[in-house]
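Colleague: My questions concern the predicted model and sequence given below.
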Amino acid sequence: MQTLGKHSPRFKAWCRLGEARARREQGLTLAEGPAVVAELLASAWEVEAVLVEPGRHPKLEQLARGRTELLALEPQQMERLAAAQTSQGVVAITRPPEETLELARANFVLLLEDLHDPGNLGTLARTARAAGVEALLVTGGTDPYGPKALRAAAGALFHLPVARLEDPLAVLAVGLELVCTVARGGQGLFEADLGGRIAIALGNEKRGLSDQLLTAATRLVTIPMQGDCESLNVAVSGALLMYERVRRYG
């Protein structure tokens, strides 16, 4: 196994992949941790290289050898490259696929407007894949392919189609019903119509959904809450809506 030196141009370039600008310029991103890298290697994504601290993950080394370039790093290099506070000894450099999606054929999608926390986005992607959501649509906010989002998604983003939309109202043009969550005034979650071809829209962690989306919504849904609780974490709200759809309609 070849060792990648700390002065290597590739190593220096890959160390910048924690920055959104560098990811755009290089067309690459970084996946880390043994479980996430294993999911990546099992997916159709293009993998530029897998970088390991030799001996820490022998099974992953074996998987990587049949799939892509395998390179060794010193522990200090791994700490510098990894986005997590504590390195797990394995990182993959990968090229996200081009975003091609035929919304006209979709029946169940999740639309995320201006989410800023990559942990929330990744958690929602993980839940969406489990709930049978066909695509994740992102408008504004955090990068769905950033290292933190990929880590929180636990591999789900390697298998779930993702598209970034300039105009979130494009979902209406292909006949999807726009289901928006509101704190008050919507139909209760357990009575609301979640059937048919729908796009469940979730908004910014602080501001919620924009007036543009709320005005265009074909269905408004409110999650019932007891006492003086005013809101739920966006990832929790999304999970409740997605699984209420699954519970009733399969």
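Modeller: Arrived safely.

Colleague: Excluding sequence neighbours, find me the nearest residue to residue 155.
Modeller: Residue nearest to residue 155 in three dimensions, not counting chain neighbours: residue 39, with 2.7 Å by CB to CB, 6 or more residues apart in numbering. Just so you know, the C-beta spots here come from the backbone N, C-alpha and C atoms, and that holds for glycine as well.

Colleague: Name the SS class of that neighbour, please.
Modeller: helix (DSSP: H, G, I helix; E, B strand; the rest coil).

Colleague: Relative to residue 57, how far out is residue 109?
Modeller: Relative to residue 57, residue 109 is positioned 35 Å away (CB to CB, to the nearest Å).

Colleague: Now the residue nearest the centre of the chain: closest residue in space that isn't a chain neighbour?
Modeller: Per CA atoms, centre = their mean, the C-alpha nearest to the average position across the chain is that of residue 122, at 4.0 Å. Nearest residue to residue 122, sequence neighbours excluded (CB to CB, 6+ apart): residue 152, at 2.6 Å.

Colleague: do the same with residue 209
Modeller: Residue 209's closest residue in space is residue 203 (CB to CB, 6+ apart), at 3.5 Å.

Colleague: Count residues in the vicinity of the one you found, would you?
Modeller: The number of residues packed near residue 203 is 22, by other CB atoms under 10 Å.

Colleague: Tell me which residues touch it, please.
Modeller: Residue 203 makes contact with 113, 114, 115, 181, 209, 210, 213, 234 under the criterion CB atoms under 8 Å, 6 or more residues apart in numbering.

Colleague: Look at it and report its pLDDT.
Modeller: As predicted, residue 203 sits at a pLDDT of 96.

Colleague: With residue 103 instead?
Modeller: 84.

Colleague: Relative to residue 213, how far out is it?
Modeller: 16 Å.

Colleague: And residue 147, by the same measure?
Modeller: Separation of residue 147 from residue 213 (CB to CB): 28 Å.

Colleague: which other residues reach the helix ranked longest in the chain?
Modeller: For the chain, the longest helix by residue count, based on DSSP state H, is helix 234-249. Taking contacts as CB under 8 Å, 6+ apart, the residues outside helix 234-249 that touch it are 108, 110, 115, 119-120, 123-124, 127-128, 131-133, 179, 181, 189-190, 194-195, 198, 200, 202-203, 205, 221, 223, 232.

Colleague: Can you say which of those are buried?
Modeller: 108, 110, 115, 120, 123-124, 127-128, 131, 133, 179, 181, 189, 194, 198, 200, 202-203, 205, 221, 223 (16 or more other CB atoms under 10 Å).

Colleague: Among those, which ones are in strands?
Modeller: 108, 110, 179, 181, 198, 200, 202, 221 (DSSP state E).

Colleague: how about those residues, which pair is most distant?
Modeller: Farthest apart among those by CB to CB are 108 and 181. That separation is 15.8 Å.

Colleague: Residue 88: what's it in contact with?
Modeller: Per CB under 8 Å, 6+ apart, neighbours of residue 88: 32, 33, 34, 82.

Colleague: Can you lay out the residues you listed as CSV showing pLDDT?
Modeller: What follows is the contacts of residue 88, written out as CSV (pLDDT from 0 to 100):
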residue, pLDDT
32, 94
33, 94
34, 95
82, 83
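
Colleague: Now the two most distant members of the residues you listed.
Modeller: Farthest-apart pair in these is 34 and 82; separation 12.3 Å (CB to CB).
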